[in-house]
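In: A structural model of the following input is requested.
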Amino acid sequence: MPGPVPKNPALRQRRNKSATRAELTTDEQPRKRAPQLPRGREWHRLTRAWWREVWRSPMAEEFLASDVHGLYILAELVDQFWMMPATGLATEIRLQRQCFGLTPIDRRRLQWEVTRAEDATKRRGQRKVRQAQDGEIDPREALRAVK
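Out: Numbering: from 1, shown residues only. The predicted model follows:
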């Protein structure tokens, strides 16, 4: 004997959609200009290199102006670690990095997906075709020039 008729998907209350999900693209050129490390002190060369890498990463696209202050604090910890390595500093750095999606597992937890620029362009086109087929957008928007 069959059970009850399933609910219409549009009426479901829980859709398991995540608010943190983002698709990040990698390009060779940074998308944002990196803020300067605070002046008035000499930063370790590895700290400066780390700072440049953070701001050249695809995660930088997700950072807001308010995140810069947290990254300054993290840079201070990284700098202290390179001056005098300590387990306690390494632990705190690991905890602080999680907030900014700076490791693969952190990006996974935040549901941030890093794709190459070519893949992202291809997916964007496929998404437009699906939206046009579903009637969400004008079908002419899904057209593209072929070489």
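In: Now the terminal residues of stretch 47-65, how far apart.
Out: One end of stretch 47-65 sits 20 Å from the other (C-alpha to C-alpha, to the nearest Å).
In: Between the two ends of stretch 61-73, what distance do you get?
Out: 19 Å.
In: So what's the gap between stretch 136-145 and the chain middle?
Out: 28 Å (C-alpha atoms, centre = their mean, to the nearest Å).
In: would you put the C-alpha positions of it in PDB?
Out: Taking C-alpha atoms only, stretch 136-145 is exported to PDB below (Å, rounded to 0.1, in the frame of the first residue of the first chain):
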ATOM      1  CA  GLU A 136      14.100  32.400 -14.900                       C
ATOM      2  CA  ILE A 137      15.900  34.700 -17.400                       C
ATOM      3  CA  ASP A 138      15.400  35.800 -21.000                       C
ATOM      4  CA  PRO A 139      16.700  33.100 -23.300                       C
ATOM      5  CA  ARG A 140      18.700  35.700 -25.300                       C
ATOM      6  CA  GLU A 141      20.900  36.200 -22.200                       C
ATOM      7  CA  ALA A 142      22.200  32.600 -22.500                       C
ATOM      8  CA  LEU A 143      23.400  33.100 -26.100                       C
ATOM      9  CA  ARG A 144      27.100  33.500 -26.700                       C
ATOM     10  CA  ALA A 145      29.400  34.100 -29.700                       C
END
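In: which residue is nearest the middle of this protein?
Out: Central residue of the chain (C-alpha atoms, centre = their mean): Met59, 3.7 Å from the mean position.
In: Please verify my assumption that that one contacts Phe100.
Out: Yes. Counting by C-beta atoms under 8 Å, Phe100 is a contact partner of Met59 at 6.6 Å. Glycine gets a C-beta too; all of them are placed from N, C-alpha and C.
In: Check the burial of Arg140 by counting its neighbours.
Out: 7 (other C-beta atoms under 10 Å).
In: my bad, Arg108
Out: A count of nearby residues for Arg108, using other C-beta under 10 Å, gives 11.
In: re the thing from before, now the residue nearest to the centre of the chain, nearest residue through space, not along the chain?
Out: Gly101 (4.9 Å; C-beta to C-beta, 6 or more residues apart in numbering).
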